[in-house]
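following is a predicted model, sequence given first.
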Amino acid sequence: CWTGAKTDLLKKWEQQYQQPYSPVSNLTVLHYNIRSFNKNQCDLIDMVEKYKPTVISINELGKEIPTQVLAKSLFSYDIFKATGTNPHGGAVLAIEKQLKGVPIDCQQKPNIIAASMLVNNKHITITSVYSPLTQELQLEHMSTILKISPQFLRALKLRITQLHKITRKRPTISQAL
């Protein structure tokens, strides 16, 4: 039997059901060229359980995978997806729900998805880009996103041949990463 004031009871109840604020000290990103979501979904789940990334970037889905299917597999993440320009393409970002990811408008360009999130009171933008072997990398889209957010992380599948075309010199390993 409760003998205190109703307001005290309500405050106690509200505090009990508030999600505690837990600042993120490390931002971890898992990038996976999955090659076929249906075939390699179990590997993805194993990596997510093992490494517990705060952000997941997925490329090469193998075919069009509905967002709802991705959300069921990665249920503790907000899912953002861009279609691809070829059957293997597409880019997916999955951001832990506690980071409250917000999509950034990429003018519905294929193969590129960007989202913003709040990490330790700083807005950070992360972008996932799928770069098909037969197509030029659209760098102007990256410039637009960089203007929106100077705190910018990339999960970019960049092929060595494209890096060579961009720089006009032989790439080093650190450039490719």
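Noted; the coordinates are in hand. A quick note: this is a predicted structure, and the numbers were derived from the prediction, not measured. Residues are numbered from 1 along each chain as shown.

show me what contacts residue 80?
Applying CB atoms under 8 Å, 6 or more residues apart in numbering to residue 80 gives the contacts 92, 93, 94, 95, 101, 103, 113, 114, 115. The C-beta positions use only the backbone N, C-alpha and C, and glycine is treated the same way.

and the residue lying closest to it once chain neighbours are set aside, how many neighbours does it have?
Once flanking residues are discounted, residue 80 sits nearest to residue 93: 4.5 Å by CB to CB, 6 or more residues apart in numbering. For residue 93, the number of neighbouring residues by other CB atoms under 10 Å comes to 25.

same check, this time on the one 4 residues further on
The local packing count at residue 97 equals 11, with neighbours defined by other CB under 10 Å.

where along this structure do the helices fall?
Counting by DSSP state H, the chain forms helices over residues 6-16, 37-51, 67-73, 139-148, 160-167, 173-176, given from the N-terminal end onward.

just send these back as a markdown table, with distance to residue 82 and mean neighbour count too.
Supplementary listing: the helices of the chain in a markdown table, determined by distance: least, CB to CB, whole Å; neighbours: other CB atoms under 10 Å:
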| stretch | distance to residue 82 | mean neighbour count |
| --- | --- | --- |
| helix 6-16 | 39 | 9 |
| helix 37-51 | 14 | 13 |
| helix 67-73 | 11 | 13 |
| helix 139-148 | 11 | 13 |
| helix 160-167 | 18 | 13 |
| helix 173-176 | 23 | 10 |
